[in-house]
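Chemist: Pasting the sequence and the predicted coordinates here, then a few questions.
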Amino acid sequence: MRLVLCENETCLYSKNKHPASENISTVGYTMNIDKSRITAFLVELAVDDEQSLYVMLARDGSVHRMGRGTLDNDQHQMFEGVSDDCLFDSFIDELDASVLNYAGFYEDKDSQGQACCLRLNFHVEEPGEEIGFEFRYGAESQGPPTEICDLVINAIDLTEKWFENQIAMVNGSNR
């Protein structure tokens with residue numbers, strides 16, 4: 001089971017180089033946001049227009065999760081709740097604020113494989129600003145920047161235990 005993020009370690013975009021090239025359409029902007037102002041984070045991954053992953057973490061402890069982020073995602077039930085495990089704080093602690101400089105839209109014009117669309121949003125307190133990212137690529141293409149992949153994997157890892165517990169509760173109540 002492989003996440004549909006990076007096909008290999010050489011991603012289309014790198015931290016030291018703006019992602020624009022002849023094969024990538026890009027519309028981006030630079031942000032200088034203090035990460036302590038971030039109040040929520042959302043990631044959505046669709047494969048061939050089918051949601052494969054949804055993760056939302058908020059400062060108030062809210063957690064939403066659906067899917068595993070794989071091509072053959074078999075989990076489509078949305079779980080919503082509140083966690084006392086400080087998942088959001090852990091996520092923000094690990095966040096390298098420079099990743100916010102990737103905000104914008106990127107499309108691989110030569111994508112190969114199933115169509116993937118990765119969207120990320122950061123909600124920032126006052127004035128209620130949203131910092132958005134969208135990456136369109138093929139499942140067999142190189143995918144988003146490694147820093148973005150790492151951020152998504154961190155959100156999945158942080159919510160995995162909570163997610164599995166939700167699945168177990170539902171499965172236990174269906175017996």
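Modeler: Okay, I see it.

Chemist: Which residues does the residue nearest the centre of the chain form beta bridges with?
Modeler: Central residue of the chain (C-alpha atoms, centre = their mean): Val43, 3.5 Å from the mean position. Listed by DSSP bridges, the beta-bridge partners for Val43 are Val55, Leu120.

Chemist: Now do the contacts for it.
Modeler: Residues in contact with Val43 (C-beta atoms under 8 Å, 6 or more residues apart in numbering) are 53-56, 118-120, 151-152, 155. Bear in mind the C-beta positions are built from the backbone N, C-alpha and C, glycine included.

Chemist: Now those residues in a markdown table, please, with extra columns for pLDDT.
Modeler: Putting the contacts of Val43 into a markdown table (pLDDT from 0 to 100) gives the following:
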| residue | pLDDT |
| --- | --- |
| Leu53 | 96 |
| Tyr54 | 97 |
| Val55 | 97 |
| Met56 | 97 |
| Leu118 | 97 |
| Arg119 | 96 |
| Leu120 | 96 |
| Leu151 | 93 |
| Val152 | 95 |
| Ala155 | 96 |
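
Chemist: how about the lengthiest helix in the chain: buried residues?
Modeler: Longest helix of the chain, by residue count under DSSP state H: helix 146-173. For helix 146-173, the neighbour count (16 or more other C-beta atoms under 10 Å) marks 146-152, 155-156, 158-159, 162-163, 166 as buried.

Chemist: Identify, from those residues, the entry nearest to Leu87.
Modeler: Ranked by distance to Leu87 (C-beta to C-beta), those are led by Leu158 at 4.9 Å.

Chemist: shouldn't the closest one be in contact with Leu87?
Modeler: Yes: Leu158 is within contact range of Leu87, at 4.9 Å (criterion: C-beta atoms under 8 Å).

Chemist: joint contacts of the two?
Modeler: Taking C-beta under 8 Å, 6+ apart as the criterion, Leu158 and Leu87 both touch Leu57.
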